[in-house]
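**Q** predicted model and sequence follow; I will ask about them next.
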Amino acid sequence: DQQVKQNSPSLSVQEGRISILNCDYTNSMFDYFLWYKKYPAEGPTFLISISSIKDKNEDGRFTVFLNKSAKHLSLHIVPSQPGDSAVYFCAASALGGTSYGKLTFGQGTILTVHP
Amino acid sequence: DVKVTQSSRYLVKRTGEKVFLECVQDMDHENMFWYRQDPGLGLRLIYFSYDVKMKEKGDIPEGYSVSREKKERFSLILESASTNQTSMYLCATRNPGLTYEQYFGPGTRLTVT
């Protein structure tokens, strides 16, 4: 049962344009969402997060949007740069209780930004 | 700056061998996690530890065990390695608080032949 889904395995974008990566979730208990970026042969690095009390969070070129009613979030990268080429993972967590901050990850989307 | 190190970047083992993967963190984080990453499946949680000597099964614990005798060290053990355990193994840590960000090590690429 895949509770977090990234339905696009790959995305190709021209340098300077916008990259939009999408993520859907099914578990209504999730209330905190994160995006990670991963280069080959390296561990994932945290990029940006959003709490369910917000619908948008922005950090420089990266913006995450959350649509709770649709159980959908997206990551926008503007403008895209060749160095952004990596695998992007969406992750979700349910705050509190005995979750201990466990994250449920999506399958990942390979972003390629062409010069 | 959080530092999470893993004992090996690449490892090749034979079927049936007992395998130890070590993870060490230097930030006094209480929570530690072991994931495996496979193409098309993302990261899947194997085991986690919320405190020293405490452990909980994740989503795919079969064939694995863990040990956490000291706060900074979390070991993943493959009791009898099998070819379907060939994967990238990632360790992560977290300091409990209001955010749920986890910090990852560089990973160990394990091949079981």
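**A** Sure, I can see it. Residues are numbered from 1 along each chain as shown, chains lettered A, B, ... in the order given.
**Q** rest of the way, CA atoms for contacts and neighbours
**A** Noted.
**Q** can you name the residues of chain B sitting close to chain A?
**A** Neighbours of chain A within chain B, by CA under 8 Å from any CA of the partner chain: B:31, B:39-45, B:50, B:90, B:94, B:96, B:100-107.
**Q** any idea how many residues pack against B:K70?
**A** 11 (other CA atoms under 10 Å in any protein chain shown).
**Q** how close does it get to chain A?
**A** Note on B:K70: its distance to chain A, by CA to the nearest CA, to the nearest Å, is 18 Å.
**Q** follow-up on the earlier one: just the buried residues of the residues of chain B next to chain A.
**A** For the residues of chain B next to chain A, a neighbour count by 16 or more other CA atoms under 10 Å in any protein chain shown gives the buried set as B:31, B:42-45, B:50, B:90, B:94, B:100-107.
**Q** excluding covalently adjacent residues, which one is nearest to the residue of chain B found nearest chain A?
**A** Residue of chain B nearest chain A, by CA to the nearest CA: B:G42 (3.7 Å). Take B:G42 and drop its neighbours on the chain: the residue closest to it by CA to CA, 6 or more residues apart in numbering or on different chains is A:Q107, 3.7 Å away.
**Q** correct me if wrong, but that neighbour is in a helix.
**A** No - counting by DSSP: H, G, I helix; E, B strand; the rest coil, A:Q107 falls outside a helix, being coil.
**Q** before we move on, back to that, what's the residue of chain B closest to chain A in contact with, if anything?
**A** By CA atoms under 8 Å, 6 or more residues apart in numbering or on different chains, B:G42 lies in contact with A:89, A:105-108.
**Q** gap between the spatially closest residue to B:Y100 that is not a sequence neighbour and B:S49?
**A** Nearest non-adjacent residue to B:Y100, counting by CA to CA, 6+ apart: A:G101, 5.6 Å away. Going from A:G101 to B:S49 by CA to CA, to the nearest Å gives 11 Å.
**Q** what's the overlap in contacts for those two?
**A** If you check A:G101 and B:S49 against CA under 8 Å, 6+ apart, no residue is contacted by both.
**Q** what is the burial count for the residue of chain A found nearest chain B?
**A** Distances between chain A and chain B by CA to the nearest CA are smallest at A:Q107, namely 3.7 Å. Residues lying near A:Q107 (other CA under 10 Å) number 26.
**Q** circling back: which two of the buried ones among the residues of chain B next to chain A have the greatest separation?
**A** B:G42 and B:Y50 (22.5 Å; CA to CA).
**Q** B:T83: what's it in contact with?
**A** Taking CA under 8 Å, 6+ apart, one finds B:15, B:111-113 in contact with B:T83.
**Q** and with 6 Å instead?
**A** B:V112 (CA atoms under 6 Å, 6 or more residues apart in numbering or on different chains).
**Q** backbone dihedrals for it, both of them.
**A** phi -60, psi -30 (degrees, to the nearest 10).
**Q** who does the strand or helix carrying B:F74 pair up with?
**A** Under the criterion of DSSP states H and E, B:F74 resides in strand B:73-78. In the sheet, strand B:73-78 lines up against strand B:19-25 (antiparallel), strand B:64-70 (antiparallel) (DSSP bridges).
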